[in-house]
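1. Sequence first, predicted coordinates after that:
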Amino acid sequence: MTTPRQAHAAAGRARPQRSEVREALLDAALEEFAQVGYGAASVESIARRAGLTKGAVYGNFDGKFGLFLGLFAPERMDRAAFLDGLTGEPGDPEAALTQFARRIHQRSQFLRPALMIAEARGHVARSPEQLAELAEARSEVVDHLTPLLEAELTRVGLAPVAPMREVVYAVLALVNGIAFEQVGKTEPVVSVAMVERIIRSMVVVAPAEES
C-alpha cells in the first residue's frame, strides 16, 4: 500500500492533508482488524501499516477504538454498494421482493464485517462508555441507510410493514446474525428461501394507488 507521504513525495507535493492521513489510517486499521482481529491489533501496527507514526493516530483518533468507530462514518461506508442491485427494476414488486431476499442472503455470506463488530463489542463489553459510543456509531449507520432503503423500496413498489428504521435494524441483524452462524461452515446455514420468508414479514407489495 502506498502511504500518503510516499504519494506526495512522488508527486513533489507538500505533506499530505489531514483528510488523506485519516483515510490512510482507516484503510490500515481495516486491514489490520481483518487480518489479526481487533484484540491483537495495536495502534503501533496500524500506524506502521499506514506508513505513519503513532502520533498521527492519536492526532486524528482516540486510539484503536476511535479508529474502529471511524470505519462506520457516513462518508466512509459505501452506501451505493449496499443498495446496488438490492431490489431490481420497478414494475414487478414480487420479483423485486425476491431479489431483495437474494441480495440479503448474499450479503450474509460476507463474514468479515459481522465478525469484526462482534469481536470489538466483546472487547469493550465492560466499558459502558465505549459500548454507548459503538451503539451511537451504528445508529448513525441506520440513520443514513433508512431514507435510502425506503426510497429504493418505494421505487419498485414495496413498502415496510413497520417503521422503516426498525426494518433497517432487522435487516442488519439478519445479515450479521446469519454471518455469525456461518463461521466455520462450508454450506449456507440458512437458505435463500428462508431469508425470503423472513423478508416477507418485513416488506410487502405496496397497495396500488387509486386513480
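-> The structure has been received and is ready for your questions. Numbering: from 1, shown residues only.

2. for the lengthiest helix in the chain, packing partners?
-> Determined from DSSP state H, the single longest helix within the chain is helix 128-155. Contacts defined by 3 or more C-beta pairs under 8 Å, 6 or more residues apart in numbering; DSSP states H and E place helix 128-155 against helix 63-70, helix 79-83, helix 111-123, strand 158-160, helix 164-182. All C-beta spots, glycine's among them, are computed from the backbone N, C-alpha and C.

3. Take these and write them to TSV, including mean neighbour count, mean pLDDT and distance to Glu23.
-> Putting those into TSV (neighbours: other C-beta atoms under 10 Å; pLDDT from 0 to 100; distance: least, C-beta to C-beta, whole Å) gives the following:
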stretch	mean neighbour count	mean pLDDT	distance to Glu23
helix 63-70	20	93	10
helix 79-83	13	56	17
helix 111-123	16	83	18
strand 158-160	19	93	34
helix 164-182	18	92	24
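
4. Which one, of those, ends up nearest to Val36?
-> helix 111-123 (10.7 Å; C-beta to C-beta).

5. Send me the closest one as CSV with only the CA atoms.
-> C-alpha atoms of helix 111-123 as CSV (Å, rounded to 0.1, in the frame of the first residue of the first chain):
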residue,chain,number,x,y,z
LEU,A,111,-18.3,-12.9,7.3
ARG,A,112,-15.7,-10.2,8.0
PRO,A,113,-17.9,-7.2,8.9
ALA,A,114,-20.0,-9.2,11.3
LEU,A,115,-17.1,-10.8,13.0
MET,A,116,-15.2,-7.5,13.4
ILE,A,117,-18.2,-5.9,15.0
ALA,A,118,-18.8,-8.9,17.3
GLU,A,119,-15.2,-9.1,18.4
ALA,A,120,-15.0,-5.3,19.1
ARG,A,121,-18.2,-5.5,21.1
GLY,A,122,-16.7,-8.3,23.1
HIS,A,123,-13.6,-6.3,23.9
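
6. one step back: same list, the helices and strands packed on helix 128-155, but as CSV with distance to Val195 please.
-> Converted to CSV, the helices and strands packed on helix 128-155 look like this (distance: least, C-beta to C-beta, whole Å):
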stretch, distance to Val195
helix 63-70, 28
helix 79-83, 16
helix 111-123, 15
strand 158-160, 15
helix 164-182, 7
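
7. Of all these, which one is nearest Thr146?
-> helix 164-182 (4.8 Å).

8. got the angle for that closest one vs helix 128-155?
-> On the basis of axes from the mean of the first three to the mean of the last three C-alpha atoms, to 10 degrees, helix 164-182 is oriented at 110 degrees to helix 128-155.

9. C-terminal to helix 164-182, which secondary structure element comes first?
-> helix 192-200 (DSSP states H and E).

10. average pLDDT across that next one?
-> In this model, helix 192-200 has an average pLDDT of 94.

11. Cool, thanks, talk later.
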